[in-house]
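Asks: Give me the fold of what follows.
(chains A and B)
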Amino acid sequence: MIWDATFQLVLLGSLLIGATSGTLGAFAVLRRRSLLGDALAHAALPGVALAFLWTQSKALPILLLGATISGVVGVLIIEAIVNYTRIKADAALGIVLSVFFGGGIVLLTHIQQSEVGNQSGLDKFLFGQAASIVRADLYVMCIVSALVMIAVFLCYKEFKVLIFDAEFLAAQGFSPRVVDLLLMGLIVLTVMVGLQAVGVILIAAMLITPAAAARFWTDRLHVMVLASGILGALCGALGVGLSALAPRIPTGPVMALVATVAFLISALIAPRRGVLARWARIRANALRENGQHFLRAYLALQTRGKREIVLLDLASELQLPLYRVRRLATRLASDGRVSLQNGACSLTKLGHKEANFVVKSHQLWEYYLVYRSILEEDHVDRSADEVEHILTPEIIEQLESILAQEGIDVVGDIHKTHSGYRRTGEDG
Amino acid sequence: MDEFWGPFWIVLTGALAGASCGLLGAYLVLRKMSLLGDALSHAVLPGIVIAFLLSGSRDVIPMFIGAAICGVIATVLIETFHRRWRVQEDTSIGIAFTALFALGVVLITAFAGQVDLDQECVLYGEIAYTPWDRLFWGEWDLGPRPVWILGTVFVLNLAFVLVFYKELLIASFDAEMALSVGVSAALVHYVLMGAVSVTTVAAFESVGAILVVAMLIVPGASAYLWSDRLKVILTLSALMGVISAIAGYFLAGVWNSSIAGAMVVVMGALFALSLIFAPHYGLLGRFVRQVRLSLRVARDHVLLKLLRDRESRSVSTLSWSDLVDTAARRVSGIAIRSLMWQGLITREKGYFSLGEQGVTYATRLLRNHRLWESYLNQLGLPPDHVHDPADALEHFTDDHLREEIRAALPNIATDPQGKRIPDG
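Replies: Numbers count the residues shown, from 1 in each chain, chains lettered A, B, ... in the order given. The predicted structure is shown next:
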């Protein structure tokens, strides 16, 4: 890696691109405009080529102007097709994307084969080459990014409302169409900033992927926007760093892959919405439920007058294989709810308390359902089984006071015959 | 390569690719799966590259296997992101196909020396080299390899569409009905996706990964504008693929550009033409229908105004400015001129009056209007609310409907305002 002025320039440029597209991408993804960014970028290609053909100049502002115009024309055509014909949005998107791209390819190959001036460099717009960023380009990028950032800062509230409740926006006296157009305009600018370094084909990845990654980490919009911007910047910088190791490889695909890795990692390890976190939550719930079933089963056996309770009794009561009951018991023992002494099993004080609480939740809920005529007596068991693990002491108190006011006697089991923890619901 | 056979093989390859894609593309558009086609054609790239790397050749079989595996991976990724990780669907598609495409490009450039593939091939294919890419059977030269591959794919696609025509039709338009008559919509979906993948891969070498999308979607969408009948749509779609191949080849010669790109541009032009000129769903047809409708309404209003004027006084007092509807000045002016030209109304000393035929026509309209007013009144609409709906309905009431309304109002001779309902 060459840590010189040129590289610093390129690095700065890609940081900027990543930050801008990450920030805007958060809005684009939430507004369900992510694939429109893709179409827009593809549609920009003929604009780049035409701008070059007409002016014979490779100055970035001119090429980007051409790109912007043809990108906007593409989006307008998509809108027109959707509004005025029976062709659906997805096909309209595909048509504009591929036909404009085809036109761009025709123009590019025409330029290459007829050797108009010095054409080398235009094809960098396809897959992106961050190394081609020069100081003047960086100025353009800075200005456009600054514009985009300021606009996002100023219109943050409007965008937020547009995304989550467009009707409310209309009720507040804003036209959702205008705000939508503004957002679209900013997406156009963002795509244009990234075009040179990321390329028309994969710039969509910089718009979509960091935002989708950031979504895993938070439910709050401003956090997501910030996270997405930072993530985008990191992806940009890392992508450039990696492709500097192998200069032959274009930057766009590298950035897209880095962003994808960031997305996958986020999807796995993000605290609440992440795959691992969700898996752990489901597992913890299952363990808690099974533990509580164990405690209830113990209590049930005790009520039936069983003295010496061993794991085998519990296994038959719970209708579970012995090894699972043993595992449950060990876990409950380590929590201090059960004490195990040479095969015999007894509840600790804490275990008793919890078991009683669960049984009480179950019974109270059953009475409540019957009292409110929500379910018949012989249908309440299942539903109570689901709820018994969730009820809090406060709810229990409330239930008790409601039932007490109505003079309902909540002593004992509503069915007289006990089942409870068995999801299969076969009463003996 | 001689002057006839070179271009011939290229055009044939393009036409076969266009027709194969067109046949399946019609279904993609109908089933609103265009984006899946887009995603799939991007996503198979790494599979193709890896197959090249492993087999070290351009054999068809490893390429198809690689692409098929990648296609499945892409579908599984999209499903996993969307259903299990709860990412929005469009975002899932976006992430999956950009990631796989990026991987493919990185692989191509990283192993540039070992793969007989480059960025250009990915972008716009190598259809120009078709005549030199020969297929040999032992010593025998069987002709260009791409023609064989795409020809086989075309025959397979055609057979698929013909044999499963009914199943595809029913599953595309009414999945529930399909299920009830024993056609598995899911099976049709997967077989169709499989066919799309195979076609994409076969066309990939000739037209590149991105232009395949155009071949899949654009002819299908264009044909969809011309007809409501699936058979017509399929035929037109395949035909447009073929036309674009032929025209594209010659245009590429004129422009000195990529052949595949030029084919796509022709497809775009065909789509634009369809968009404008398709009879029922085109913009022009739509516009003409709207103009004709508003002209008809304007003419009717002029006639009615003159008839009502005639009812109240014997000499016409209506000049041009009285007759023209200020809200739609231009249409109204054209309406008056066309009525004069047809002799339905006449102008004398600046004042308009109805001609003989005009009276008959206008009387019928007035009868429509007042019949509707009475009828609506009878339905329970208060008398001061019946004018506007009657005004809208009067233009579209034919003899049959008019007499039915008359029959529904047996003892009524006047409208709710007490004006006589004219005969006629």
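Asks: And the residue of chain B positioned farthest from its centre, how far from residue B:353?
Replies: Distance from the C-alpha centroid of chain B, by C-alpha atoms, centre = their mean, peaks at residue B:314 (55.2 Å). Distance of residue B:314 to residue B:353, computed by C-beta to C-beta, to the nearest Å: 10 Å. From N, CA and C alone the C-beta is placed, and that goes for glycine too.
Asks: what sits against the residue of the stretch 51-200 of chain A at minimum distance from chain B?
Replies: Residue of the stretch 51-200 of chain A nearest chain B, by C-beta to the nearest C-beta: residue A:102 (2.8 Å). Neighbouring residues of residue A:102 by C-beta atoms under 8 Å, 6 or more residues apart in numbering or on different chains: B:211, B:214, B:260, B:261, B:262, B:263, B:264, B:265, B:267, B:268.
Asks: can you tell me the helix or strand for the closest residue to chain B within the stretch 301-428 of chain A?
Replies: Residue of the stretch 301-428 of chain A nearest chain B, by C-beta to the nearest C-beta: residue A:390 (22.4 Å). According to DSSP states H and E, residue A:390 maps onto no helix or strand at all.
Asks: So residue B:234 sits against residue B:161, correct?
Replies: Yes: the criterion here is C-beta atoms under 8 Å, and residue B:234 meets it with residue B:161 at 6.5 Å.
Asks: what sits in contact with each of these two?
Replies: Joint contacts of residue B:234 and residue B:161 (C-beta under 8 Å, 6+ apart) are residue B:23.
Asks: Looking at those two, which has the bigger crowd around it?
Replies: residue B:234 (25 against 20; other C-beta atoms under 10 Å in any protein chain shown).
Asks: interface residues of the stretch 51-200 of chain B facing chain A?
Replies: B:81, B:84-88, B:90-91, B:93-95, B:98-99, B:101-103, B:105-106, B:109-110, B:112, B:119, B:123-124 (C-beta under 8 Å from any C-beta of the partner chain).
Asks: buried subset of those residues?
Replies: B:81, B:85, B:87-88, B:90-91, B:93-95, B:98-99, B:101-103, B:105-106, B:109, B:119, B:123-124 (16 or more other C-beta atoms under 10 Å in any protein chain shown).
Asks: State the pLDDT value of the residue of the stretch 301-428 of chain A closest to chain B.
Replies: Predicted confidence (pLDDT) for residue A:390: 80.
Asks: Likewise for residue B:116?
Replies: So, for residue B:116, pLDDT stands at 69.
Asks: Please apply the same query to residue B:233.
Replies: 93.
Asks: Spatially nearest residue to it (excluding sequence neighbours)?
Replies: residue B:223 (4.5 Å; C-beta to C-beta, 6 or more residues apart in numbering or on different chains).
Asks: Based on its surroundings, how many neighbours for residue 54?
Replies: I went with chain A, as the question did not name one. The burial count for residue A:54: 10, using other C-beta under 10 Å.
Asks: meant chain B actually
Replies: 11.
Asks: Provide the secondary structure category for the closest residue to chain A within chain B.
Replies: Across chain B, the shortest distance to chain A (C-beta to the nearest C-beta) belongs to residue B:264, at 2.8 Å. The three-state label given to residue B:264 by DSSP: H, G, I helix; E, B strand; the rest coil is helix.
Asks: tell me the two of the contacts of residue A:102 that are most distant?
Replies: B:260 and B:268 (12.9 Å; C-beta to C-beta).
Asks: Of those two, give the one with the bigger neighbour count.
Replies: More crowded of residue B:260 and residue B:268, by other C-beta under 10 Å: residue B:260, with 33 against 21.
Asks: List the contacts of the closest residue to that one other than its chain neighbours.
Replies: Spatial nearest neighbour of residue B:260, excluding adjacent residues (C-beta to C-beta, 6+ apart): residue B:207 at 4.0 Å. Counting by C-beta under 8 Å, 6+ apart, residue B:207 makes contact with B:14, B:17, B:124, B:125, B:127, B:215, B:260, B:263, B:264.
Asks: will you turn those residues into TSV that also has pLDDT and secondary structure?
Replies: Converted to TSV, the contacts of residue B:207 look like this (pLDDT from 0 to 100; DSSP: H, G, I helix; E, B strand; the rest coil):
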residue	pLDDT	secondary structure
B:14	91	helix
B:17	92	helix
B:124	76	helix
B:125	79	coil
B:127	81	helix
B:215	91	helix
B:260	89	helix
B:263	93	helix
B:264	93	helix
